[in-house]
Every structure is written in structure tokens, then in C-alpha cells.
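>>> sequence first, then the predicted structure:
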Amino acid sequence: MFTSPYPLVLSLEERRELTAMVRSRTIAAGLAQRARVIVAIADGEPYTMLCTRLELSTTTLTRWRRRFEHYRLAGLHDAPRAGRGDRLMPALEAKILALTQQRPPAPLTHWTSRQVGARLKVSHMTVHRVWQRAGLQPHRLERYVASPDPEFEQKAADVIGLYLNPPEHAIVFCIDEKTAIQALDRRDPVLPLSPGRAERHGFEYIRHGSLSLYAALEVGTGRVEGMTAARHTSQEFVAFLDRVVATHSPRREIHLIADNFSAHKTKAVTAWLDAHPRVHMHYTPTYSSWLNQVELWFSKIERECIARGIFTSTVDLRRKLMQYIRAHNKHCHPFAWSYTDVTRRHRVAGS
């Protein structure tokens with residue numbers, strides 16, 4: 001197999017940037033592939049295997065390696081094309097950017113390229129080109145939740161510390177409940193997918209009640225302990241805690257990560273914790289359940305089992321949920337969870 005006579009060395013920052021480019025869904029596909037090539041070469045993958053996997057020639061691999069060695073990350077971008085250059089004046093581009101970042105006249109909520117173009121008497125394609133270069137997307141909206149918890153940093157550090165460096169011989173669980181899972185049946189038969197046509201479900205459905213699913217994700221293995229319940233009260237939560245603790249040695253220390261739901265902090269839960277001194281409860285900061293890894297697993301079961309599922313009764317729903325958990329546990333593995341930028345916490349005024 002053909003390999004390079006000398007290794008390609010990446011700095012930590014370059015590797016981080018290239019990995020982000022490989023995973024990005026917004027950059028050009030060609031740019032992502034070039035980043036993938038550089039990472040693979042740096043990892044020592046033989047050119048023969050790389051050519052087969054990415055369907056590229058050795059000439060192409062060598063070209064982008066040389067470009068990277070000469071220009072580093074900037075060398076992966078396309079070189080300037082021949083033809084007429086951009087004749088947009090910097091002053092006009094600045095006006096477009098400034099107007100876009102201002103509030104549009106009422107009752108509009110955001111600018112469109114045609115509205116900005118009409119206001120400044122330029123083509124809407126010119127506006128679009130300026131937006132692309134600046135990374136402005138007025139049509140998009142992202143939502144966030146600000147945590148007012150004054151102890152956010154301490155609580156977050158406590159949870160992240162359990163992920164990164166759990167106590168020796170202890171076991172860490174992320175625990176929560178997914179409430180109001182509806183047992184929905186369809187009035188019309190499902191039409192299977194076929195070439196050029198997606199699977200189709202009838203619009204009308206029949207409700208057969210709902211269940212709550214309690215789940216405890218073992219952080220070290222990815223294994224899940226589950227239990228369904230008709231309600232999600234403190235009594236059901238305590239019953240689930242008994243079930244989780246019963247599966248492990250009475251001498252083993254257990255750490256539970258949970259959110260601030262009221263049923264997790266009742267007198268019954270406090271009494272249960274007092275009766276089980278080897279169990280330690282760690283609460284995530286207010287409005288920060290994203291720190292709880294079990295939410296990732298809930299998202300997984302929602303996509304793969306619940307969202308498109310057809311359930312003829314709550315009994316059928318319970319059976320399929322537990323069947324999914326058993327199948328998951330046969331091939332489970334821990335989540336590759338990361339919290340990379342601590343500066344991105346959204347704060348409310350005064351916090």
C-alpha cells in the first residue's frame with residue numbers, strides 16, 4: 001500500500017478546526033471532503049485505502065496535501081476564479097450589513113433580501129451575496145433558555161466532574177422521566193416507502209392513553225434501566241430508584257444526576273436518600289437539563305421508536321418501549337458527550 005514517506009503533523013488547533021469542518025452541515029461539501037482527506041493523511045491512513053474509501057485519485061490527495069503544507073487551513077479553500085471580480089463597493093456592503101442588523105419597520109420581524117434591496121436600491125442577489133460572505137441568515141431563529149441559577153458554575157462543574165472523573169468503584173446514573181408518551185394508532189394503513197416515495201402515514205389517528213417512561217442511563221456503559229408508569233409522581237420516582245439500586249451491590253456507591261423537577265425533591269425522595277446513604281443525588285442547574293446525558297437517549301428513543309410508532313394500547317406501548325430498551329442494551333456504548341465552550345452560558349440580567 002502506498003504511504004507518504006513523511007508524516008503530516010497537525011497542531012491541536014488545526015485538528016480541532018478540521019474536525020469541525022468534517023462534521024459541519026453548512027460548509028461546502030468539497031471543503032468538508034478536503035478536511036477529511038487531511039485528517040486521514042495525518043492519522044497515517046494509506047493512500048490506497050483512502051483512494052478507495054473517498055473515491056479520489058492519488059494525484060488529488062497529493063495536491064491537497066501540498067496545498068495544506070504550504071498554506072495550512074487557508075489552502076483548502078478554492079483559489080480565486082478567472083473572470084470579472086466583485087465590483088461591490090465596500091461602503092455599499094457596509095450599508096447592507098448595517099441595515100440587516102437593524103430592526104425592520106413594524107410590523108415586520110426580520111429583513112428579506114428583497115426588502116433590503118428595495119430600501120438600498122440594489123439587486124436582491126447582491127444582498128444575498130453580502131449575507132453569505134458575512135454569515136448573516138435573517139430568516140433563521142434560534143431559541144435559548146437562560147439559567148437564573150446563581151450556583152450554575154458549581155453545579156455544572158459537579159455534574160461534569162462525574163462524567164470526566166467519577167469516584168473510584170462508584171457508578172454514575174443519569175436519571176429522568178419522559179412524560180406523556182401517547183399511544184397513538186392510525187385509522188388508515190401505513191403505505192411503505194418505495195423508490196422516489198417516502199413512507200406515508202394516515203393523517204388521522206386514535207388516542208389510546210399515555211404513559212411516562214423512567215430511565216436511568218449508566219454513564220460508563222450506556223446501559224439503560226427503564227420503567228413505565230401511568231403517572232409521574234414522587235411515589236413512582238421512588239419506586240424507580242428502588243429498582244435501580246436493587247440491580248447493584250449494596251456496598252457499591254451510586255451517584256444519580258437528575259434535573260430540578262418537583263417530584264425529584266419531595267419529602268419522600270429526601271427520606272429515601274436518608275435511608276440509602278450510599279446513594280448521592282446531584283441536581284443540574286435550573287433550566288439546564290441538557291447537562292443530563294439521559295436526555296440524549298430520550299432523543300434517540302423518540303426518533304427510533306416513538307415518533308413513527310403505531311401503538312394499539314398502552315399495553316402495546318409499554319411492550320414496545322421495553323423491547324427497545326432491551327435491544328439498546330445489547331449493543332450499548334457510552335455517549336461521546338462534550339462541553340467545550342464554557343463562555344456560551346446565556347445569563348439573565350443580574351445573574
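Done, it's in.
>>> please make it C-alpha for all contacts and neighbour counts, starting now.
Fine.
>>> buried set for the longest helix that the chain contains?
Longest helix in the chain, counting residues (DSSP state H): helix 314-330. Under the neighbour-count criterion of 16 or more other Cα atoms under 10 Å, helix 314-330 has 314, 317, 318, 320, 321, 322, 325, 326, 328 buried.
>>> which secondary element of this structure has the worst mean pLDDT?
helix 47-54 (a mean of 86; mean pLDDT, DSSP states H and E).
>>> excluding chain neighbours, what is closest to residue 8?
residue 42 (4.8 Å; Cα to Cα, 6 or more residues apart in numbering).
>>> roughly how far does that neighbour sit from residue 18?
Using Cα to Cα, to the nearest Å, residue 42 is found at 11 Å from residue 18.
>>> of those two, who's got more company?
Taking neighbours as other Cα atoms under 10 Å, residue 42 and residue 18 compare with residue 18 leading, 22 against 16.
>>> distance from the helix or strand hosting residue 13 to the middle of the chain?
Taking DSSP states H and E as the criterion, residue 13 maps to helix 12-23. Computed by Cα atoms, centre = their mean, to the nearest Å, the chain-centroid distance of helix 12-23 equals 17 Å.
>>> helices and strands around whichever helix or strand comes after it, which ones?
The C-terminal neighbour of helix 12-23 among helices and strands, as given by DSSP H and E, is helix 29-42. Packing contacts for helix 29-42, counted by 3 or more Cα pairs under 8 Å, 6 or more residues apart in numbering; DSSP states H and E, involve helix 12-23, helix 47-54, helix 58-71.
>>> buried residues, the shortest one. List them.
The reference is to helix 47-54. Neighbour count says helix 47-54 has 47, 50, 51 buried, by 16+ other Cα under 10 Å.
>>> let me see the contact set for the second one.
When contacts are counted by Cα atoms under 8 Å, 6 or more residues apart in numbering, residue 50 touches 37, 40, 56.
>>> neighbour count, distance to residue 196 and pLDDT added to those, as CSV?
Shown next, in CSV, are the contacts of residue 50 (neighbours: other Cα atoms under 10 Å; distance: Cα to Cα, whole Å; pLDDT from 0 to 100):
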residue, neighbour count, distance to residue 196, pLDDT
37, 25, 32, 90
40, 15, 34, 89
56, 14, 29, 86
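>>> tell me the one of these nearest residue 121?
Closest approach to residue 121 among the contacts of residue 50 (Cα to Cα): residue 37, at 43.8 Å.
>>> pLDDT weak spots in this protein?
1-6, 85-86, 340-351 (pLDDT under 70).
>>> any idea which residue sits dead centre in it?
residue 296 (7.6 Å; Cα atoms, centre = their mean).
>>> what about the helices and strands packed on helix 29-42, which gets the closest to residue 202?
helix 12-23 (35.1 Å).
>>> how about the strands of this protein, start to end?
171-186, 205-218, 224-229, 254-258, 279-283 (DSSP state E).
>>> just checking, the residue nearest to residue 8 touches residue 12?
No - Residue 42 is beyond contact range of residue 12, at 12.0 Å (criterion: Cα atoms under 8 Å).
>>> give the burial count for residue 261, as a bare number.
For residue 261, using other Cα under 10 Å, the count is 14.
>>> tell me how far it lies from residue 163.
The value you get for residue 261 to residue 163, if Cα to Cα is used, is 21 Å.
>>> having no further points to raise, I will conclude here.
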